[in-house]
Every structure is written in C-alpha cells, then in structure tokens.
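>>> Requesting a structural model of the entry that follows:
(one chain, ligands or ions: 1)
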Amino acid sequence: MSNLKKEILSLLDREQFISGQNIADTLGVSRTAIWKTIQSLKEEGYSIESVTSKGYHLKNPPKYLSPTALSVLIGQSGLFSNVEYFTTTPSTQKEAFRMLSETKDSFMVVAEEQTQGRGRFDRHWDSPGKTGIYISLVLRPNIPITEIIRFNLFISLAISKSLDEAFGVDTGIKWPNDIYLDDKKICGFLTEVVSESGVINAIICGIGINIFKDDSRLKIPTATSIEDIIGSSEKIDVDSFMERFLDNIEIYYNRFLNEPFSLIREDWKEKSIIFGKELRITETGSMFMARALDINEDGFLEVLDEEGNIRKIISADIEL
Ligand code: BT5
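Presented below is the predicted three-dimensional model:
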C-alpha cells in the first residue's frame with residue numbers, strides 16, 4: 001500500500017480545504033504526485049472535492065472498505081503487523097493458510113469477495129462482492145491447544161460489541177460461532193488451528209459479516225445484513241466499523257491470553273441468545289432437545305436434555 005496515499009489521507013479534512021501546494025510542501029513531493037494519488041484515492045471510493053484556489057477536501061469516505069484506511073489501522077495496531085487485501089479470492093482462509101510459512105507474525109487477510117467462501121464442516125459461505133466483510137485473522141499465541149474453545153468466547157464478544165458500537169444495533173451471540181441480529185444470522189466465524197506437540201502455532205479465525213443487502217442471500221432464510229436491519233445504507237460506515245473491530249479484537253485477544261473466562265462470563269451471558277430456550281442440538285450427527293444451563297470456565301456448554309441428563313458440549317449446531 002502506497003505511503004503517499006496514507007499520508008495524503010491523514011491531511012485531508014472533512015471540514016476545511018487544504019491546498020495542493022500545502023500538501024506538496026508538507027510531504028515533500030510534487031503537486032503532480034499529489035494529483036495522481038488523489039485520483040487513485042477517488043478510484044478507491046473516496047469522494048474528494050477539488051476547488052480551484054481552495055484545494056482539496058474529503059467529502060465522504062468510501063461506502064465500502066478502503067484498503068488505504070485499513071492499512072493505516074493496521075499500522076497503528078499493536079496486534080497485527082500486516083494486512084493482505086484482495087478484491088477477489090477463493091477464500092481468505094485458504095490465503096491465510098498459504099501465507100503461514102511466510103511470517104511468524106500475526107496478520108490479517110481481507111477480501112471484498114470470495115468465490116469459495118466456506119463455513120464449518122466445509123459448508124458454503126455466501127460472499128458476494130462488496131456486500132460483506134470477509135476476514136481471516138492469523139494469531140500466534142504460544143499456548144496449549146486445549147485453550148482454543150475459550151478463544152471463541154472472547155472473540156464472539158469482540159465481534160458482537162464491535163457491531164453494536166459501530167451500527168447502534170443489539171447483536172446476540174449464538175454459541176458456538178454465530179452472531180445474530182433480530183433472530184437472523186449476521187455473522188459467522190470459524191476457528192482453525194495449526195499446532196505442534198499440543199502447542200498452538202497459529203490460530204486462523206475466519207469471520208464473515210453481512211453488511212449490505214444482497215439478493216443472493218435471499219436463498220438463505222436465516223441470513224440478514226446490517227442494511228436489512230437498519231433499513232438504509234446511508235449511515236453505514238465500514239471503515240469506522242473496522243476501527244472498532246480491530247480495537248475490540250486486540251482488547252479481547254489480550255484478555256483471552258491473560259484472564260480466565262469468569263471475568264467476562266456475565267458480559268458474555270448477557271449477549272448470549274441461547275439461554276431460557278428449547279434448543280435442538282445436533283452433535284456429531286445425532287440430534288437431541290435440551291435447555292442451556294451454563295457455560296463453564298473452559299468454554300463447554302452445559303445443557304439439560306429431555307431425559308434429565310446434564311451434557312457438556314464442545315461444538316454443535318444449535319437451532320432455537
Ligand atoms: C460459519 O459456518 O458460520 C462460519 C463462516 C465463516 C466465513 C468466513 S468469511 C472469511 C473466512 N474465509 C472463508 O472461506 N470462511 C471464513 P457455519 O456455522 O458452518 O455456517 C454455514 C451456514 O450458514 C451455511 O450452511 C448457510 O446455511 C449459512 N450461510 C451461508 N452464507 C451465509 C451468509 N453470508 N450469511 C448468513 N448465513 C449464511
């Protein structure tokens with residue numbers, strides 16, 4: 001990502017104009033270079049107004065994600081060292097796995113569209129272009145693999161809070177790996193791990209979030225998007241969401257590394273939508289009805305089945 005783009009973006013203001021000469025002097029580059037870079041930012045979706053004798057000002061950020069803004073955020077991140085951005089790719093998970101050997105750091109893969117997006121158990125994840133956010137986070141904790149179930153609890157809270165803060169909604173967590181809004185799925189994530197001798201080498205967490213309306217999603221009656229819920233795309237600012245998201249991922253990832261689940265248990269349960277309901281649970285092919293009792297320190301869900309037995313579940317499909 002061009003540094004000049006980032007630098008120009010940091011100088012452009014929503015309220016006032018800045019002259020091309022002023023930008024050129026501040027950054028020590030030619031006015032032609034400024035002009036070219038502004039054109040390139042416009043192609044990325046930035047609405048930049050230029051008025052003779054006044055200069056430039058930022059009217060509106062792009063409607064969808066901007067690779068430049070994302071790269072600025074990653075530059076400020078205490079967690080990720082790099083972001084790999086694709087306009088289209090088969091799957092960000094696939095790319096993330098491919099890149100594992102290239103670096104020992106934590107990084108992110110982001111795509112505007114996935115042609116072979118996948119869910120858990122190789123199910124399909126609908127990923128049409130510029131209507132959702134498709135991300136794979138690669139994290140490198142040096143901890144036992146048994147900790148991974150707890151990871152999902154912390155990460156689900158980070159995603160849910162980010163959506164609430166950025167879009168003024170009230171999402172719910174459907175254990176183990178869905179985020180719901182108004183009884184429909186707005187986000188799904190899957191956590192995969194590479195480990196050696198029982199110690200995690202990399203967590204590859206793939207997250208798909210539906211932002212804008214898309215007709216292809218109509219075939220999935222359980223799916224919804226932010227635009228579907230808030231009724232308009234006007235107030236949707238994807239870059240601001242990414243800022244909240246990266247902050248929260250960093251906060252909750254650090255909490256995951258340093259704190260027991262008990263410290264976020266009440267917050268998590270408040271966001272959970274599975275308690276107090278009759279659940280249809282499918283676990284390794286067999287189905288049973290049960291009610292959720294609690295979530296334990298290790299992230300196992302405890303349920304009471306119809307025969308009165310308490311069962312501990314690690315991962316399952318749950319229908320409400
Ligand atoms: C998940 O799987 O919910 C995890 C989805 C993870 C997707 C991300 S996107 C970035 C990264 N790269 C990838 O290739 N994948 C990850 P699961 O619990 O198995 O849910 C899959 C089911 O959700 C499907 O069988 C559909 O019923 C439904 N579904 C598919 N696409 C959807 C969408 N866009 N929104 C809501 N529901 C969807």
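
>>> burial count for R265?
15 (other C-beta atoms under 10 Å). Placement of C-beta: from N, CA and C, glycine included.

>>> Give me the phi and psi for it.
phi -60, psi -50 (degrees, to the nearest 10).

>>> ranges for the strands of the chain?
Ranges of strands within the chain are 47-51, 55-60, 82-86, 107-111, 132-139, 172-174, 178-181, 184-196, 199-210, 278-283, 286-295, 301-305, 310-313, 317-319, based on DSSP state E.

>>> can you redo the ones you listed as JSON lines with mean neighbour count?
Below are these laid out as JSON lines (neighbours: other C-beta atoms under 10 Å):
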{"stretch": "strand 47-51", "mean neighbour count": "13"}
{"stretch": "strand 55-60", "mean neighbour count": "17"}
{"stretch": "strand 82-86", "mean neighbour count": "18"}
{"stretch": "strand 107-111", "mean neighbour count": "24"}
{"stretch": "strand 132-139", "mean neighbour count": "24"}
{"stretch": "strand 172-174", "mean neighbour count": "21"}
{"stretch": "strand 178-181", "mean neighbour count": "22"}
{"stretch": "strand 184-196", "mean neighbour count": "18"}
{"stretch": "strand 199-210", "mean neighbour count": "22"}
{"stretch": "strand 278-283", "mean neighbour count": "15"}
{"stretch": "strand 286-295", "mean neighbour count": "15"}
{"stretch": "strand 301-305", "mean neighbour count": "18"}
{"stretch": "strand 310-313", "mean neighbour count": "14"}
{"stretch": "strand 317-319", "mean neighbour count": "16"}
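
>>> Tell me which of those sits nearest to L70.
Closest approach to L70 among the strands of the chain is made by strand 82-86 (5.7 Å; C-beta to C-beta).

>>> and that closest one, what does it pack onto?
For strand 82-86, the packing partners by 3 or more C-beta pairs under 8 Å, 6 or more residues apart in numbering; DSSP states H and E come out as helix 67-76, helix 92-99, strand 107-111.

>>> Minimum distance to the ligand, which residue of the stretch 101-250 of the chain gives it?
G188 (2.0 Å; C-beta to the nearest ligand atom).

>>> Which positions in the stretch 201-320 of the chain make contact with the ligand?
G206, I207, G208, N210, R217, I220, T222, A223 (C-beta under 6 Å from any ligand atom).

>>> which residues touch the first one?
The one in question is G206. S91, T92, Q93, A96, R118, Y134, I135, S136, F189, L190, T191, E192 (C-beta atoms under 8 Å, 6 or more residues apart in numbering).

>>> Would you check which pair of the residues of the stretch 201-320 of the chain next to the ligand lies furthest apart?
Pairwise distances across those (C-beta to C-beta) peak at 18.7 Å, for the pair G206 and T222.

>>> hey, what's the residue nearest to N296 when sequence neighbours are not counted bridged with?
Closest residue in space to N296, ignoring its immediate chain neighbours: E302 at 6.1 Å, by C-beta to C-beta, 6 or more residues apart in numbering. Note on E302: beta-bridge partners D294, K312, judged by DSSP bridges.

>>> Right, I'll leave it there.
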